[in-house]
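Trainee: Okay, sequence plus prediction incoming.
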Amino acid sequence: MQVTLFSFGYKYGLPDADTVWDIRFLPNPYYVPELKDKTGLERDVAAYVLNNAKTVHFLSFFEPCLLSFLRIHEESGREVMRLAVGCTGGKHRSVAIVEHVGNIIRDHAIDTQVFHRDMEKE
């Protein structure tokens, strides 16, 4: 199965995806002055997003659920899945989560492509 996993910003509209996850409940680096102009690809922004209690708790159940979800679809013959993760602007939280989760999916031998739809938008 081929998985396309991508980030997006809700303020730019909903994406064309099979499944969408809203992570706007996670702490937002946009409100931290030294992180505001960076992206979730940068180490300090990713650390801010991934290393807080809310994210750790969320990922503790999201990761196994997602892997099970993908395996069930794969076993049913699904060849392609488009998965989207959204935050407000698509620059910080969703980017960091997509990069992190993409690595986990790949570690489980699922062919995964990652991109960031709105990361460069203002």
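Mentor: That came through, no problem.

Trainee: biggest helix in the chain by residues?
Mentor: If you go by DSSP state H, the chain has its longest helix at helix 53-75.

Trainee: Following the chain past that one, name the next helix or strand.
Mentor: Going down the chain from helix 53-75, the next helix or strand is strand 80-87, by DSSP states H and E.

Trainee: Spatially central, which residue of the protein would that be?
Mentor: Centroid-nearest residue in the chain: Val98, 2.7 Å away (criterion: CA atoms, centre = their mean).

Trainee: What lies in contact with the helix or strand harbouring it?
Mentor: Taking DSSP H and E as the criterion, Val98 maps to helix 93-107. If you take CB atoms under 8 Å, 6 or more residues apart in numbering as the criterion, helix 93-107 is touched by 3, 5-9, 23-24, 26, 28-29, 39-41, 45-46, 49-50, 55, 59, 62-63, 66-67, 70, 85-87, 112, 114, 116, 119. (Each C-beta comes from the backbone N, C-alpha and C, glycine too.)

Trainee: That helix vs helix 53-75, what angle?
Mentor: 50 degrees (axes from the mean of the first three to the mean of the last three CA atoms, to 10 degrees).
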